[in-house]
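Peer 1: Structure for this input, please:
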Amino acid sequence: MRQILTIALLIAAGFFACHRDPEPEVSPRSVQRFALMIGYDVSQTYGHRTRPNEQFFYQAARMVAPTGGNICMGLVASPDSAGELIQAYFLPMPAEPEKNATYTKQITYRETCDSIRKHNEQEIERFVHECMARLNEKHDHRHSDLNGLLSEADIYFRGAEVSDCLHLLYLASDGLQDVRLEHRTDTILQPGLLTLRDVRVFCNGWKNGVLPENWKMLVSHESMIKEIHSLTQ
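Peer 2: Numbers count the residues shown, from 1 in each chain. Reported below is the predicted structural model:
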């Protein structure tokens, strides 16, 4: 009797194991797109600091590119010499084909990925080249308009192209507002010009006593690379 009961229990267990509900499919993790703006101070008061080199721009761009995001660089300088933002727009990778996809679809997927990687790498090369050229051309300004760059950053992060991105602003600046106006010199920093509250701000070389509590101080350009890397994990 005990043997019969044991056999019956085994048969029942096998039946329920075969007829249990299938495990729900886990959808692939969506990639967080990044929009990174780099503001570099070319005023004389920040001139003793080590400026970003090619490696920094390459590393930053290659962390943003795989997300299909955007990177840009602008100068903290006098209003008439800051210049326009240098930008690079990257294409996101397509979704992987289903497991039972045809050979043709798999080939198309790989070719598309190769094409996107080529496009993004060309954008990276152009971006780095233009950034270095701008830094070589603009340096040692007597005045620095950080408020102007904050206003520019606010417009940039409100753009439709980066609306669904994680907004990052890196300010390599002493934070000293100093702009000669017609009848006075503007020395009052206005962090409120960056009206979007979701922008994560990182500073390097900051001297200004005004520092919003949600802005993070860094010790080097490499520290910013580490911050971006931590956000990709």
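Peer 1: Quick check: buried residues in the longest helix along the chain?
Peer 2: Ranked by residue count and defined by DSSP state H, the top helix of the chain is helix 103-137. Under the neighbour-count criterion of 16 or more other C-beta atoms under 10 Å, helix 103-137 has 109, 116, 120, 123-124, 127-128, 131, 134-135 buried. Bear in mind the C-beta positions are built from the backbone N, C-alpha and C, glycine included.
Peer 1: same deal with stretch 209-216?
Peer 2: 211, 215.
Peer 1: Output the lowest mean pLDDT helix or strand found in the chain.
Peer 2: Lowest on mean pLDDT, DSSP states H and E among the helices and strands of the chain sits helix 2-19, with a mean of 41.
Peer 1: Following element in sequence after it, please.
Peer 2: Downstream of helix 2-19, the first helix or strand assigned by DSSP states H and E is strand 34-41.
Peer 1: Can you name every helix or strand that that following strand contacts?
Peer 2: helix 54-64, strand 70-76, helix 146-157, strand 166-172, helix 221-232 (3 or more C-beta pairs under 8 Å, 6 or more residues apart in numbering; DSSP states H and E).
Peer 1: Pick the most deeply packed of those.
Peer 2: With neighbours defined as mean count of other C-beta atoms under 10 Å, the helices and strands packed on strand 34-41 peak in mean count at strand 70-76, which reaches a mean of 25.
Peer 1: Grab the CA positions of that strand and hand them over as PDB.
Peer 2: Taking C-alpha atoms only, strand 70-76 is exported to PDB below (Å, rounded to 0.1, in the frame of the first residue of the first chain):
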ATOM      1  CA  ASN A  70      24.300  63.300 -27.000                       C
ATOM      2  CA  ILE A  71      27.400  65.000 -25.800                       C
ATOM      3  CA  CYS A  72      28.400  68.700 -26.100                       C
ATOM      4  CA  MET A  73      31.100  71.100 -25.000                       C
ATOM      5  CA  GLY A  74      30.900  74.800 -24.400                       C
ATOM      6  CA  LEU A  75      33.300  77.400 -23.000                       C
ATOM      7  CA  VAL A  76      33.000  79.600 -19.900                       C
END
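Peer 1: what element comes up after it heading to the C-terminus?
Peer 2: Next element after strand 70-76 (DSSP H and E): strand 86-89.
Peer 1: Give the partner strands of that next one in its sheet and their orientations.
Peer 2: Paired with strand 86-89 in the same sheet, following DSSP bridges, are strand 70-76 (antiparallel).
Peer 1: pretty sure residue 214 contacts residue 199?
Peer 2: No. Counting by C-beta atoms under 8 Å, residue 214 stays clear of residue 199, with 9.2 Å between them.
Peer 1: returning to what we had before: in TSV: the buried residues of helix 103-137, plus pLDDT and distance to residue 205.
Peer 2: TSV is the format used below for the buried residues of helix 103-137 (pLDDT from 0 to 100; distance: C-beta to C-beta, whole Å):
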residue	pLDDT	distance to residue 205
109	92	45
116	96	36
120	97	30
123	97	28
124	98	26
127	98	23
128	98	22
131	95	18
134	91	19
135	89	15
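Peer 1: Setting aside sequence neighbours, what's the nearest residue to residue 188?
Peer 2: residue 177 (6.2 Å; C-beta to C-beta, 6 or more residues apart in numbering).
Peer 1: how about the one you found, what does it touch?
Peer 2: Residue 177 makes contact with 144-147, 186-190, 208, according to C-beta atoms under 8 Å, 6 or more residues apart in numbering.
Peer 1: which ones among these are found in helices?
Peer 2: The members of the contacts of residue 177 that map onto helices under DSSP H are 146-147.
Peer 1: and the contacts of residue 177, which of them are in strands?
Peer 2: Using DSSP state E, the subset of the contacts of residue 177 located in strands is residue 186.
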